[in-house]
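>>> Sharing a sequence plus its predicted fold:
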Amino acid sequence: MKNTPGRPYKITQAVLTLFVLVVGIAMLMLFLKYRKSPERAEQKLPAPLVQVRTLSAGDVQMVVEGYGTVRPKVQVQIIPEVAGKVVFVHSELKTGGIIPAHERIVQIDPRDYELAVRQAEAAVAEAQVRIDTEIAEAEVARREWQQLHPETEPSSPLVLREPQIRQAQAGLESAKAQLATAELRLERTTISLPFDVLIASETVDLGQYVGIGQALATAYGIEAFEIEVPLEDRDLAWFDVLQGSATLESAAVETDRVTASVHADFAGQEHIWTGQVTRTTGQVDPLSRMIPVVIEVPQPLDTSEGKPPLLPGAFVKVLIAGRMLENAVAVPRDAIRGQNSIWLVNNDRLHVTELDIVRTDREFAYVTSGLPEQATIITSALDAVVDGMTVRLPDGAGSEETGDREIPTGGVVGDE
């Protein structure tokens, strides 16, 4: 048998490979046997960093918020009481025009009524002559009776013409009444109003013939406008809606009425008017179950202070000054957890505390008990909360003092 060339080389290479593999396995087993396990060290997680706010108690002005539409307190239709042709129309008798009190608005042609007055005056004069004649004839009849029947009285009043005198007196009174009626009709040819008005609409022109009862224009009294604000029953607990209201026994005292501020946007800016709560509408809305409260704004068209006029039809926000809540804490709504809980911080530890909330609005929940004098609360959110857990406070954490408050002029405050 012949030897194959290169065979010893292949055998040697296989032996070396096997040797290396055996040595590697032996070294790996020795390494695994004598290696040291790594020391385990507990890693401490830092306490969560929270945002806090420190609150203190004080007297807080309660404010009730509502919305409504401005409407005129007095609305009248200008209607003639006599017929005739229009011979004068006020220059401001147009939509948006303002006419002062007692100024002539419309004049109906008075000539027919002036003639009627002259005719009635003549009838009065004629009746006066008739009664004077009857009185004179009665005096003549009395003298004749005394001459014929001295020291006796006539048996019939007809002798002294007493019925005729009474008839003449009745005729005089009738003529005077007709004269008064004619003068009243003449006076009614001039149409005016006893208060300043804003013209809402008009349908009359110069030369037009108008009849009795025909509406010529609609006008609003500008002394005051009203706003009907629907409120829930619980809102009425925070102010006396009947304070200053008129009763059967006495008139209302305006100085005792609850004040309110009326906010409306005009030309891109918010403007504020001062009003008063005057009354309720005396009924509950059958659909919403809300009680409408009427706010009165005096002199709504006054622009002397640089404010625009408050016009009828404007949709406004009304803030009503409620009672003062004494020794109360205003807790921000975003710090309330769930229904009525907050996270208090004491010695860098979180404590879950339930509150007895007296009232809430869009920004705050008002609490009168259950909080320390200086309460530090967490306002930021946490993923997991355990009562008593450690938290970290930022350096120089801010605080907010709760003191006396009035009706706000900027932010939204009101019952939800």
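That came through fine.
>>> Please make it C-alpha for all contacts and neighbour counts, starting now.
OK.
>>> and the longest helix for this structure?
Here the longest helix in the chain is taken by residue count, with DSSP state H as the criterion, and it is helix 111-148.
>>> which element follows that one toward the C-terminus?
helix 162-187 (DSSP states H and E).
>>> For the residue lying closest to Ala120 once chain neighbours are set aside, which residues are in contact?
Leaving aside its chain neighbours, Ala120 sits nearest to Leu179 (4.6 Å; criterion: Cα to Cα, 6 or more residues apart in numbering). Neighbouring residues of Leu179 by Cα atoms under 8 Å, 6 or more residues apart in numbering: Val117, Ala120, Glu121, Val124.
>>> Now neighbour count too, for those, in a markdown table please.
As requested, the contacts of Leu179 are exported to a markdown table (neighbours: other Cα atoms under 10 Å):
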| residue | neighbour count |
| --- | --- |
| Val117 | 21 |
| Ala120 | 22 |
| Glu121 | 19 |
| Val124 | 21 |
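>>> now, which of those residues sits nearest Asn347?
Val117 (97.3 Å; Cα to Cα).
>>> Would you mind naming the residues that bridge with Thr390?
Thr390 forms beta bridges with Arg349, as assigned by DSSP bridges.
>>> Likewise for Ala375?
As assigned using DSSP bridges, the partners bridged with Ala375 are Leu55.
>>> Against Ser369, how distant is it?
In this structure, Ala375 lies at 12 Å from Ser369, with Cα to Cα, to the nearest Å as the measure.
>>> Neighbour count for these two, which is higher?
More neighbours sit around Ala375 than around the other of Ala375 and Ser369, counting by other Cα atoms under 10 Å; the figures are 19 against 15.
>>> which residues does the nearest residue to Leu172 once chain neighbours are set aside contact?
Counting by Cα to Cα, 6+ apart, Leu172 lies nearest to Ala127, which is 4.8 Å off, once chain neighbours are set aside. For Ala127, the residues meeting the contact criterion (Cα under 8 Å, 6+ apart) are Ala168, Gln169, Gly171, Leu172, Ala175.
>>> okay, who's weakest in those by pLDDT?
Lowest pLDDT of the contacts of Ala127: Ala168, 85.
>>> and that one, how many residues sit next to it?
For Ala168, which is what you asked about, the neighbour count (other Cα under 10 Å) is 21.
>>> likewise Thr368?
By other Cα under 10 Å, the residues close to Thr368 number 18.
>>> Looks like it contacts Ala328 (just checking).
Yes - with contact taken as Cα atoms under 8 Å, Thr368 and Ala328 are classed as touching, separated by 4.4 Å.
>>> and the contacts of Ala127 as JSON lines, adding distance to Leu148?
As requested, the contacts of Ala127 are arranged in JSON lines below (distance: Cα to Cα, whole Å):
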{"residue": "Ala168", "distance to Leu148": "27"}
{"residue": "Gln169", "distance to Leu148": "29"}
{"residue": "Gly171", "distance to Leu148": "32"}
{"residue": "Leu172", "distance to Leu148": "33"}
{"residue": "Ala175", "distance to Leu148": "37"}
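>>> all strands of the stretch 151-300 of the chain, in order?
For the stretch 151-300 of the chain, applying DSSP state E, counting those that start in this stretch gives strands covering 190-191, 197-202, 209-210, 217-221, 224-231, 259-266, 269-280, 291-298.
>>> Would you mind saying which of those strands lies nearest Gly338?
In terms of Cα to Cα, the element of the strands of the stretch 151-300 of the chain nearest to Gly338 is strand 224-231, at 26.1 Å.
>>> Closest one to Pro309 out of the contacts of Ala127, please.
Closest to Pro309 out of the contacts of Ala127 is Ala175 (51.8 Å), distances taken as Cα to Cα.
>>> Grab the nearest non-local neighbour of that closest one.
That would be Val124: by Cα to Cα, 6+ apart, it lies 4.8 Å from Ala175.
>>> cool, and Phe266?
Among residues not flanking Phe266 along the chain, Pro308 sits closest, at 7.4 Å (Cα to Cα, 6+ apart).
>>> residues near the residue lying closest to Glu232 once chain neighbours are set aside, how many?
The shortest distance from Glu232 to any non-neighbouring residue, by Cα to Cα, 6+ apart, is to Met290 (5.0 Å). Burial of Met290, expressed as a neighbour count using other Cα under 10 Å, amounts to 17.
>>> ok, Met290 touching Leu231?
Yes - under the criterion of Cα under 8 Å, Met290 makes contact with Leu231 at 5.4 Å.
>>> any weak-confidence spans in this structure?
Judged against pLDDT under 70, the low-scoring parts of the chain cover residues 1-7, 35-44, 155-156, 159-160, 242-255, 396-416.
>>> try 50 this time
Counting by pLDDT under 50, the low-confidence segments of the chain come to 1-3, 244, 248, 250-253, 398-416.
>>> domain ranges for it?
In the domain annotation for the chain, the residue ranges read 52-60+324-401, 66-73+223-323, 84-108+189-222, 110-187 (automatic domain parsing).
>>> Can you say which of the ones you listed is nearest to Leu30?
Using Cα to Cα as the criterion, the shortest distance between Leu30 and those is 48.0 Å, found for domain 52-60+324-401.
>>> how far does the closest one sit from the chain's center?
Here domain 52-60+324-401 is found 32 Å from its chain centre; the criterion is Cα atoms, centre = their mean, to the nearest Å.
>>> what about the helices in the stretch 1-150 of the chain?
Remark: helices assigned in the stretch 1-150 of the chain by DSSP state H, counting those that start in this stretch are 7-34, 111-148.
>>> and the residue lying closest to Gly97 once chain neighbours are set aside, how many neighbours?
By the measure of Cα to Cα, 6+ apart, the closest residue to Gly97 outside its immediate chain neighbours is Ile199, 5.3 Å from it. Using other Cα under 10 Å, the number of residues around Ile199 comes to 24.
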